[in-house]
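Visitor: I need the structure of the sequence given here:
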Amino acid sequence: MARKFDEDELIEHWTLIGDELGQVAGKRGPTRLGFALLLKFYTRHGRFPRGRGELPDEAVDYVARQVGVAATELAFYEWDGRTVEYHRAQVRKFLGFRECTVDDAEKLAVWLAEQVCQRERRVERVREELLRHCRDEGIEPPAAGRIGRIIGSGLRQAEKTLVARVSGRIPADAAARMSALVAEARDEDDGEETPGEDGRALFAQIRTDPGNISLNTTREEIAKLTAIRAIGLSASMFADVAPKVLAGWRDRAAVEAPSHLRDDHSEETKLTLLAALLHCRQREITDTLVDLLIATVHKINARAERRVVDEFVADLKRVSGKENILFRITEAAVGAPDGVVRDVVFPAAGGVGTLMDLLAEYRTKGNAFRQHKQRVFKASYTNHYRAGLIELIDALEFRSHNTMHRPVLDALELIKRYRVETTHATQYYARGEHVPVDGVIPADLAELLHRADKRGRQRAQRTVYECGVFQTLRERLRCKEIWVVGAEKWRNPDEDLPADFEAKRAENYAALRKPTNADAFVNEIREEMRTELAVLHDALPRLDWLDIKANRKQGAIVLSPYDAAPEPRNLRRLKQAVRARWGVVPLLDMLTETALRTGCLAAFTPVGTRGEIDPAVLAERLLLLVYAYGTNTGVRAVAAGDHAHSEDDLRYTRRRYMTVPACREVARAIANATFAARQAWLWGEGTTAVASDSTHFQAYDQNIFTEWHSRYRRGKRGVLIYWTVEAKGSMAVHSQLLSCSASEVHAMVEGAMRHGTDMTIEANHVDSHGASFIGFGITRLLGFDLIARFKQINQMKLYLPNKGTAETYPLLDPALTRPIRWDLIGQQYDPMIKYATAIRLGTASTEAILRRFTRDVTHPAYAAMLELGRAQRTIFLARWLRDRDLQRETTAALNVVENYNGVNDYIHFGKSGELASNRREEQELSMLCLHILQSCLGFVNTLMLQDVLAEPEWADMLGDADRRGLTPLFTSNMNPYGDIQLDTSRRLALGAGPAEQPAGTPESDDE
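Guide: Got it, this is the predicted structure:
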């Protein structure tokens, strides 16, 4: 279906100019119009249209007016035959293009192999590069089937070249060890069971995910890392291999059975795949060990704090009248200075029990609590975790660019050395040993560090010192002030930044639409702050919903709730009409209809080099798998349904085709198809705002990712799914799996920057959890608005644009605070742009980049980002407080994502909604398939609503309240339960949507 063009696009792309007018001269009627359209279409796309359906009606009318021929005459133009072939030849000659010859095709394949396919393996991206190159070379792109063959040849040539290069770098002894690794491995070792000690289980052990946070898991991961290092592969072996290519090899080796790796590949390919798997697993396991270190120290600390709190609460007794007791004791002591304490002080205090109560109360305050917690921490560490944690740091190599953290690294080396040179029974460090303390040992532990030995000498205790080092190391790791060699997530933070930033400085600033001059940037924000504060100050007397008062304990800002909006009157009738026309549709049928209309299943490509399943059979299996994961019913239950596919067939297809990136592409394809199918008279011209929020899912907890958190579901362990949902159309554009303690700020930024759909995001609505100062600062740099609904709006503060400007806004004075430090923003402007560029380009995950901006970091860019966030939040608050419509819009947008969360439980009903796997990939697939199913629901309901509302009886039926509340995400016409019956020939009678393409079928091979 050709999309609609606006007037500017018509003028730019469909106007006949200069010599083009001469080309249509001498032609008449439909021939004249048809040739003109061929010419303009080829000028823009570098190819000819496949038929009338690719020509927009607006473009046909516009060109027809220029050539003086009625648009209806195009119906008589022959799209096949000698005339159109002659016209195509004329167009090619005029524009300097030629048809693609056999020689051209071979050269194009070589060009792809050398210039594109060694860094990009996704077919769609390779096709885009090929078409662009054809245009540059003046070659008319061949037919779709031939393009596919050229791309396939390019990919194979690039694969052969890369495999030869990498395998040639593998030492002979390392190659022999890798071959031995799979020589005796059994195919039944699928990695789910706990491996034994025999060598045959080693390969399965390396491929397994980590268990829960425990000493056993730590030692298992150390054993894996040791085994991989023993292979002897160079860390730089894949330095010149694109990450996407490396990830593809890793995935192939991860899903193939050992027998296939041994027997189905050449020696070069086998070694390359195994080396890629081991290289990636080494980095992943290193990350896991860092995660375990951080989580274990937190676990010990949290348990110690709970225990001490319980003890202190039980012991807590408040003693009243302390001043009177003190007076009586003083009076008694002065009256009998030579008396015995028991005879003088105890009776004056009211007995020894009163004094004991006073002592207990004192101990619950100040350092006593913290020191007791440290004693409990030390006991837990010494009795259980000590050996494992020391083994862990001995397996890793820690680094830092900041000399401030050198003492921590020295302390780690000291602990490692004493592990080798002494036994755990050695209580103290040797006299004269340099034991770094400043910047290493927390203050509440420093007083417990030294203890007198048998000779009365003050010595540093090893266990106490180790406790302090691990606590400090945890905090430095979390903000990446200290990093780990050979890690991926916890790697050198400089590697997270674009290496060519300096060379492409102007280009990077332009991409963010930011001035290269720091003063210009600062002046722009400062002036915006002045304007917004002034407008709020002047408008405040007229705002009956807002008051700013002084001397209020609850906060200076008083914001009255707005009146409820009118209830929609016709939406219930509309949903009943939808149900009356189509009945209650099984969710599997909605999924099937969406796949057939959008062709989204084409995103599922084989992990290996070829697919061996018939496209129609593959499409059915993929539909069943998406339904199994999305509803959480599981593959076994779905395999028992009414279809011809066994459980083994489905599991094989899952391993070979169903990956996390592929599921994301499917969700994007459905979202884009929904945007294209929407009719503007009902949904408007589109929206640029999204709303983001998380929801909690219970999950298996024998892994390091699932966590308990007090905020969620009655103490159940689980994970978060963070949704980024279109603010008006209820279409999710991105989803993420997070731990319960993860920052929602980085998730919000990741969703806005990585959604990959056709939607342009200009604003993101969040609640308080996603609206930190860092969030406001980074979104300002990235170029979209952060719109927040604060839970404690009454306590918000407005920062001043300059010193001495408070008197300019007297009505705002109770809510005003200090001025912004513009000098800090100016000094760190370039580093902040560099971090924003890293997020824009995706050189690392948003989480990894924003780890530098945490409370425990001393990086100057962190302080500057905070100041920028304070300025931007002030601008937002000043605008939001005075704009009632923006307040309503924020609430409405967050209600949309809450409604989206409400549908989760209805669709994801299996196993009571619990994510029944300990594998991170399986949990992500469940999340993404749920995302796909909800997108299918929105897509089908969009078409249903458009069909119903197009009927005459519904003309002008919807009022403003109805249109405001209209959403395609309703479930009254959908049934996720019941028998699983798959029939791809059973279609829903729906109106026109995007161009249909049967799922899993290739494009035409017509030449």
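Visitor: contacting residues around residue 949?
Guide: 574, 682, 957, 958 (C-beta atoms under 8 Å, 6 or more residues apart in numbering). (Each C-beta comes from the backbone N, C-alpha and C, glycine too.)
Visitor: starting at the chain centroid, how far to the strand or helix carrying the second one?
Guide: Under the assignment given by DSSP states H and E, the secondary-structure element containing residue 682 is helix 680-683. Using C-alpha atoms, centre = their mean, to the nearest Å, we find the averaged C-alpha position of helix 680-683 to lie 31 Å away from the chain's own average C-alpha position.
Visitor: could we number from 28 for the rest of this?
Guide: In the new numbering, first residue 28, that becomes helix 707-710.
Visitor: What helices and strands are in contact with whichever helix or strand comes after it?
Guide: For helix 707-710, the succeeding helix or strand toward the C-terminus, using DSSP H and E, is strand 716-725. Strand 716-725 is packed against strand 745-753, helix 771-781, strand 790-794, helix 911-934, with contacts defined by 3 or more C-beta pairs under 8 Å, 6 or more residues apart in numbering; DSSP states H and E.
Visitor: Only the buried subset of the contacts of residue 976, as a ChimeraX command please.
Guide: Buried residues among the contacts of residue 976 (16 or more other C-beta atoms under 10 Å), as a ChimeraX selection:
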select :601,985
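Visitor: List just the nearest of the contacts of residue 976 to residue 315.
Guide: residue 709 (49.4 Å; C-beta to C-beta).
Visitor: The closest one and residue 973 touch, don't they?
Guide: Yes. Counting by C-beta atoms under 8 Å, residue 709 touches residue 973, with 6.1 Å between them.
Visitor: still on that earlier bit, out of the contacts of residue 976, who's nearest residue 487?
Guide: Nearest member of the contacts of residue 976 to residue 487, counting by C-beta to C-beta, is residue 709, at 74.0 Å.
Visitor: Before we move on, what's the pLDDT of that closest one?
Guide: pLDDT, residue 709: 89.
Visitor: thinking again about what came up before, which parts of the helix holding residue 709 are buried?
Guide: Buried, per 16+ other C-beta under 10 Å, within helix 707-710: residue 710.
Visitor: What about the closest residue to residue 893 other than its chain neighbours, how many residues nearby?
Guide: Excluding its sequence neighbours, the residue lying closest to residue 893 (C-beta to C-beta, 6 or more residues apart in numbering) is residue 800, at 4.9 Å. Neighbourhood size, residue 800 [other C-beta atoms under 10 Å]: 18.
Visitor: Show the contacting residues for residue 800.
Guide: 892, 893, 896, 897, 900.
Visitor: Am I right that the fourth one sits in a helix?
Guide: Right, the one you point to is residue 897. Yes. The assignment for residue 897 by DSSP: H, G, I helix; E, B strand; the rest coil puts it in a helix.
Visitor: what are the ranges of the strands in the stretch 428-577 of the chain?
Guide: Using DSSP state E, counting those that start in this stretch, the strands found in the stretch 428-577 of the chain span residues 477-479, 485-487, 510-511, 573-575.
Visitor: pLDDT (mean, whole number) over the third one?
Guide: Here the mean pLDDT over strand 510-511 is 96, rounded to a whole number.
Visitor: got it, and stretch 726-738?
Guide: 85.
Visitor: What residue, apart from its backbone neighbours, is nearest residue 692 spatially?
Guide: Closest to residue 692 by C-beta to C-beta, 6+ apart is residue 630, at 3.6 Å.
Visitor: Please disregard the earlier target; I meant residue 546.
Guide: Nearest one to residue 546, counting by C-beta to C-beta, 6+ apart, is residue 853 at 6.5 Å.
Visitor: next one: residue 698
Guide: Of all residues not flanking residue 698 in the chain, residue 784 sits nearest, at 4.6 Å (C-beta to C-beta, 6+ apart).
Visitor: And residue 684, how far from residue 662?
Guide: Residue 684 sits 13 Å away from residue 662, taking C-beta to C-beta, to the nearest Å as the criterion.
Visitor: Neighbour count: these two, which is higher?
Guide: Using other C-beta under 10 Å as the criterion, residue 684 and residue 662 rank with residue 684 on top: 22 against 17.
Visitor: What residues does the more buried one make contact with?
Guide: 631, 632, 633, 634, 638, 645, 649.
Visitor: before we move on, back to that, the residue nearest to residue 698 - how many residues pack around it?
Guide: Counted with other C-beta under 10 Å, residue 784 comes out at 20.
Visitor: ok, now how distant is the residue nearest to residue 692 from residue 183?
Guide: 21 Å.
Visitor: related to what we said a few turns ago, show me which of the contacts of residue 684 are buried.
Guide: Here, 16+ other C-beta under 10 Å leaves 631, 632, 633, 634, 645, 649 buried among the contacts of residue 684.
Visitor: pLDDT averaged over stretch 852-871 - what is it?
Guide: For stretch 852-871, mean pLDDT is 94.
Visitor: swap in stretch 90-98?
Guide: 86.
Visitor: Also stretch 275-289?
Guide: 88.
Visitor: Tell me which helix or strand comes right after the helix or strand containing residue 113.
Guide: Element membership for residue 113 (DSSP H and E) is helix 109-122. Where DSSP H and E defines the elements, the next helix or strand beyond helix 109-122 is helix 129-142.
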